[in-house]
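S.K.: no sequence for this one, just the structure:
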């Protein structure tokens, strides 16, 4: 199995922003030579926008374990509920929420231990 280098999201963001900057600067210097001047400027500005607002991760990222994400969201909601019950002083609700948090934590562990099926790379040769 060969390992391939995958750049981090921040590296991709920087590359996109810089490539957009290069496109805009080149288009400004060759203002009269390009028939697609406005289109290329728009693409360059879009690349700068995507890179500077760190949208690469949102555009390229896909979740492989949605069950885990749902359980974590549930855990966060339960944590907020626990805080709310603690500030209200409702000890019965606090104990119920603690039990729900423990159950949610077990479901998180189970969801995290499930390996999502990904196609194996075929060895070259």
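M.R.: Arrived safely. The structure presented is a predicted model; accordingly, all values stated were derived computationally and were not measured.

S.K.: make it CA atoms for all contacts and neighbour counts henceforth
M.R.: OK.

S.K.: contacting residues for residue 91?
M.R.: For residue 91, the contacting residues are residue 85, by Cα atoms under 8 Å, 6 or more residues apart in numbering.

S.K.: Roughly how far does the closest residue to residue 20 other than its chain neighbours sit from residue 78?
M.R.: Spatially, and ignoring its direct neighbours in sequence, residue 20 is nearest to residue 44 (3.9 Å; Cα to Cα, 6 or more residues apart in numbering). Separation of residue 44 from residue 78 (Cα to Cα, to the nearest Å): 44 Å.

S.K.: and the two? which has more neighbours close in?
M.R.: Between residue 44 and residue 78, counting by other Cα atoms under 10 Å, residue 44 is the more crowded of the two (24 against 17).

S.K.: tell me the mean pLDDT for the host helix or strand of that one?
M.R.: Assigned by DSSP states H and E, residue 44 belongs to helix 37-52. Helix 37-52 carries an average pLDDT of 80.

S.K.: Can you point out the buried residues in it?
M.R.: Across helix 37-52, burial judged by 16 or more other Cα atoms under 10 Å covers 40, 41, 44, 45, 46, 47, 48, 49, 50, 51, 52.

S.K.: Mind picking out the helix or strand in the protein with the poorest mean pLDDT?
M.R.: Ranked by mean pLDDT, DSSP states H and E, the helix or strand of the chain with the weakest confidence is helix 56-60, at a mean of 61.

S.K.: can you list the residues that contact the helix or strand following that one?
M.R.: Downstream of helix 56-60, the next assigned helix or strand under DSSP H and E is helix 66-88. For helix 66-88, the external contacting residues (Cα under 8 Å, 6+ apart) are 91, 93-94, 97-98, 100-101, 104-105, 107-108, 111-112.
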